[in-house]
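*Asks:* This is a predicted model, with the sequence first.
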Amino acid sequence: MWKPDRQSKKTLYEQIADHLEQRISYGEFPPGSLLPSERKLAEQLDVNRSTVILAFAELRSMGIIESRTGSGTRVSKSKWGATPKHTPNWRRYAEGGSFLPNLPFMRKIREALTQQPSLIDFASGELAADLAPVDEIAKLMSEHKYTSYLGYDNPQGYIPLRQDLVSFLARYRGIRTTESSILITSGSQQSLYLITQCLLSPGDAVAIEDPSYCYSLPMFQSAGLRLFRLPVDQHGVRPDDIRALYKKHRIKMVFLNPNYQNPTGTVLGAERRKQVLDVASELALPIVEDEPFSLTAYEGNPPPPLKSMDTVGSVLYIGSFSKIAASGLRIGWMVAPRSIVERLADARQQMDFGLSVIPQQVAAQFLKSSHFEPHLDRLRIQLQYKRDLIIEALRKELPDLVTFTAPEGGLHLWCKLVPEVHDGKLLDEAIRKGVVFVPGSVYGSDSGFVRFTYARATAEEIGLGISGFAEALRELIDERSCLD
């Protein structure tokens, strides 16, 4: 006899409602027929009666069953006949499908920021308006006409932008490539989505840093991939761990964020970079290198990307304007073998016929304009200033309760809380204090870590936000002490 699966992500009552609806649709319970009583069904399915009551309520809301005092619960006669005017069960559709919903913490953060715009935002991984080249881009847009760029574009992306990226990547990142090996995307996430959907299959094993922003993206689970962790220490991932995962699980691909890693801010050591590439070439193992933060290096030149050191073609390289210019442009790129670029371009064209041409045109103009380098210089100075502010605030407010390593680039500060507290309670309390951040568990980490993004908040907000966070943390610590 069928019984609900207690390990399922669906609640027991939802499983029961689905099962009964299916049996009714198959004709096992014809219109007007009597269903088992709540008590009897609860005994048969080994659940509480309240669970069956919820399942019946769900079916009644859809017009599938009806209950009358003294005559029990019956299949609706009108379900198949006289008045078939029933709304589809949109909730069930919304909860179905292969693409998973966002993580609960991420939904809570987004909802809080939407409902309370005044919250101090340490969660959003993007630049504040005063860090973005708003005036420069507005000037470029006012100086150019776009009437000739309103049709569908080349599937691989706007050709002049790809040509400009060839020069940009050679100059700033030491990557030698051609325009035919570049695919323009709407950002790093679309690049990752195309890779997971088009180059991998359900059941494939992949390796991801631990912690990693990839754990905050349900697209990996939606693609049916098996995720295996590569622990990140102060020098990044250990190459031997990649080899070990390959031997044990036959991983098909490795996803790395080697420069100013999100969320930890760590940089993959120079010797480890060489060893990672050696392992990749030895095993014919593709490396996906996501490098959105390199040009934010606060002092000196950023470390070279793996792609610039790759002599055998192991690396798929992902870049973006989102973290160095404007996330609203939605411009990213991928450097890959031509066959891969053509495959992903074909898939993307099936989804949306390519990107809007106008943002690509704006990006191309900005990339080769006299505004670009001065903007990068200002951005680095301001990000370093904000990093120093948030570190100063943490040392002032929580000198004994938080530890961290100051990042040398990027937008994020990764902190360990000395007294571990419940992630959800801390986030809720912080929101009540007017500040929002991302709990470390979102990135696959154990509880007791938080990620602060300091690029979004103003200088004044940084001090106020850390003060509010400190107050929330202390209250939870005091509450736990009282319980102990």
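*Replies:* Yes, it's here.
*Asks:* From now on I want contacts and neighbour counts done on CA atoms only, so please keep to that.
*Replies:* OK.
*Asks:* mind listing what the nearest residue to Pro439 once chain neighbours are set aside touches?
*Replies:* Of all residues not flanking Pro439 in the chain, Val450 sits nearest, at 4.7 Å (C-alpha to C-alpha, 6 or more residues apart in numbering). Listed by C-alpha atoms under 8 Å, 6 or more residues apart in numbering, the contact set of Val450 reads 414-417, 437-440.
*Asks:* Take these and keep only those in strands.
*Replies:* Secondary structure from DSSP state E places 414-417, 438-439 of those in strands.
*Asks:* give me the number of residues near Pro304?
*Replies:* 17 (other C-alpha atoms under 10 Å).
*Asks:* Name the nearest residue to it, ignoring sequence neighbours.
*Replies:* Arg173 (6.4 Å).
*Asks:* Kindly report the same for Thr185.
*Replies:* Closest to Thr185 by C-alpha to C-alpha, 6+ apart is Gly332, at 4.9 Å.
*Asks:* got the contact list for the one you found?
*Replies:* 184-188, 191, 318-322.
*Asks:* Also Gly174?
*Replies:* Per C-alpha under 8 Å, 6+ apart, neighbours of Gly174: 304-305, 308.
*Asks:* pLDDT value on the residue nearest in space to the middle of the chain, please?
*Replies:* In the chain, the centroid-proximal residue (C-alpha atoms, centre = their mean) is Leu217; its distance is 3.3 Å. Leu217 carries a pLDDT value of 80.
*Asks:* Could you find the closest non-adjacent residue to it?
*Replies:* For Leu217, the closest residue by C-alpha to C-alpha, 6+ apart turns out to be Asn102, at 7.3 Å.
*Asks:* so how far is Thr69 from the one you found?
*Replies:* Plainly put, Asn102 is 42 Å away from Thr69 if you go by C-alpha to C-alpha, to the nearest Å.
*Asks:* need the contact list for the nearest residue to Gly444 once chain neighbours are set aside.
*Replies:* Excluding its sequence neighbours, the residue lying closest to Gly444 (C-alpha to C-alpha, 6+ apart) is Pro211, at 5.3 Å. By C-alpha under 8 Å, 6+ apart, the contact list for Pro211 reads 231-232, 263-264, 443-445.
*Asks:* go with 6 Å
*Replies:* 443-445 (C-alpha atoms under 6 Å, 6 or more residues apart in numbering).
*Asks:* And Pro104, by the same measure?
*Replies:* Contacts of Pro104 (C-alpha under 6 Å, 6+ apart): none.
*Asks:* Now do the strands in the stretch 1-150 of the chain.
*Replies:* 65-68, 72-75, 120-121 (DSSP state E, counting those that start in this stretch).
*Asks:* Out of those, indicate the one that is most buried.
*Replies:* strand 120-121 (a mean of 24; mean count of other C-alpha atoms under 10 Å).
*Asks:* Pairing partners for that strand, with directions?
*Replies:* strand 435-436 (parallel) (DSSP bridges).
*Asks:* Contacts for the partner strand next, please.
*Replies:* 119-122, 465.
*Asks:* again, only this time at 10 Å
*Replies:* 108-110, 112-113, 118-124, 426-430, 452-453, 461-462, 464-469, 472 (C-alpha atoms under 10 Å, 6 or more residues apart in numbering).
*Asks:* so how far is it off the chain centroid?
*Replies:* 19 Å (C-alpha atoms, centre = their mean, to the nearest Å).
*Asks:* same check, this time on stretch 19-30
*Replies:* Using C-alpha atoms, centre = their mean, the offset of stretch 19-30 from its chain centre is 39 Å.
*Asks:* Buried residues, that stretch. List them.
*Replies:* When burial is assessed from 16 or more other C-alpha atoms under 10 Å, stretch 19-30 yields the following buried residues: 19-21, 24, 29-30.
*Asks:* Give the rounded mean pLDDT of it.
*Replies:* Stretch 19-30 comes out at a mean pLDDT of 84.
*Asks:* Run through the helices of the stretch 101-250 of the chain in chain order.
*Replies:* 104-115, 134-143, 159-173, 188-198, 219-222, 239-249 (DSSP state H, counting those that start in this stretch).
*Asks:* Can you tell me which of the ones you listed is nearest to Met351?
*Replies:* helix 188-198 (10.5 Å; C-alpha to C-alpha).
*Asks:* So which other helices or strands are in contact with that closest one?
*Replies:* In terms of contacts (3 or more C-alpha pairs under 10 Å, 6 or more residues apart in numbering; DSSP states H and E), helix 188-198 is packed against strand 182-185, helix 219-222, strand 287-290, strand 315-320, strand 332-335, helix 338-352.
*Asks:* just how off-centre is the fourth one within its chain?
*Replies:* This points to strand 315-320. The answer for strand 315-320 is 17 Å, by C-alpha atoms, centre = their mean.
*Asks:* Helix 338-352 and that one, what's the angle between them?
*Replies:* 40 degrees (axes from the mean of the first three to the mean of the last three C-alpha atoms, to 10 degrees).
*Asks:* May I have the strands that pair with strand 315-320, each with its orientation?
*Replies:* Checking strand 315-320 against DSSP bridges gives partners strand 287-290 (parallel), strand 332-335 (antiparallel).
*Asks:* could you dump that strand to CSV, C-alpha only?
*Replies:* Extracted in CSV, the C-alpha atoms of strand 315-320 (Å, rounded to 0.1, in the frame of the first residue of the first chain):
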residue,chain,number,x,y,z
VAL,A,315,40.4,26.3,-18.9
LEU,A,316,37.0,27.8,-19.7
TYR,A,317,37.4,31.5,-18.6
ILE,A,318,34.5,33.6,-17.4
GLY,A,319,34.6,37.4,-16.9
SER,A,320,32.0,40.2,-16.3
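*Asks:* could you give the angle of it to helix 159-173?
*Replies:* Going by the same axes, to 10 degrees, strand 315-320 makes 100 degrees with helix 159-173.
*Asks:* mean confidence score for strand 315-320?
*Replies:* 97.
*Asks:* Give the buried residues for the least confident helix or strand in the chain by mean pLDDT.
*Replies:* Within the chain, no helix or strand scores below helix 90-95, which has a mean of 73 by mean pLDDT, DSSP states H and E. Using 16+ other C-alpha under 10 Å as the burial criterion, none of the residues of helix 90-95 qualify.
*Asks:* Over to stretch 241-261?
*Replies:* For stretch 241-261, using 16+ other C-alpha under 10 Å, the buried residues are 242-243, 245-246, 250-261.
*Asks:* Check stretch 212-228 too.
*Replies:* Those would be 212-217, 219-225, 227-228, for stretch 212-228 by 16+ other C-alpha under 10 Å.
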